[in-house]
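Participant: I would like to see how this sequence folds:
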Amino acid sequence: MPQIVMYPIGKIYSPYKKSKDIPIQGRFKDDVEAFIEVKKKYIKGLKDLDKFSHCIVIYYFHKSNKITIKGKPFLEDETHGIFAIRSPHRPNHIGFSVVKIQRIEGNKLYFTQVDMIDRTPLLDIKPYVKYFDSREDVVSGWLDKHFQNGEISDKTIIK
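Facilitator: Below you'll find the model as predicted:
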């Protein structure tokens, strides 16, 4: 298989300096704001993104220095396969988040629902489209037992 090489298109600047401070998902801390700074040559790529309420941010877990095939997520004492959790310690260290767009100014995209660490390398941005990205009758595996009516059942684990 050929090697795949990717280069960051920008950087994510977050108020979270340590991984222990990051909520398990950004939607649990809606009021925290961060911004993405895309490289100057990609500014035109932001055109019309401000017409969307949300976007998908794809990034590199640059602070992860290991790969695991099984791991223990925040909500469990039990281990699960790496592809059944959202750990940064994945084979390719790729992360994604759905974030809420606040505004775009020049080469900066300001957003809330932040769940990444400061200075995270940005790989891509895609618009979140409810017609494509939302699904009905979703089963969320081992996570379903932790949520009731779409809300987390043990709020003590949310920072």
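Participant: Just give me the neighbour total for the residue lying closest to Glu33 once chain neighbours are set aside.
Facilitator: In space, and not counting its chain neighbours, Glu33 is closest to Thr112: 5.3 Å by CB to CB, 6 or more residues apart in numbering. All C-beta spots, glycine's among them, are computed from the backbone N, C-alpha and C. Thr112 has 17 neighbouring residues, counting by other CB atoms under 10 Å.
Participant: if I pick Thr112, what's in contact with it?
Facilitator: Gly26, Asp30, Asp31, Val32, Glu33, Ala34, Val99, Lys100, Gln102 (CB atoms under 8 Å, 6 or more residues apart in numbering).
Participant: got TSV for these, with neighbour count too?
Facilitator: Output for those, formatted as TSV (neighbours: other CB atoms under 10 Å):
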residue	neighbour count
Gly26	23
Asp30	12
Asp31	7
Val32	17
Glu33	15
Ala34	23
Val99	25
Lys100	18
Gln102	15
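Participant: which one of these is nearest Val5?
Facilitator: Closest to Val5 out of the contacts of Thr112 is Val99 (25.8 Å), distances taken as CB to CB.
Participant: Provide the secondary structure category for the residue nearest the centre of the chain.
Facilitator: Taking CA atoms, centre = their mean, the centroid of the chain lies closest to Ser97, which sits 2.3 Å from it. In three-state terms, and counting by DSSP: H, G, I helix; E, B strand; the rest coil, Ser97 is strand.
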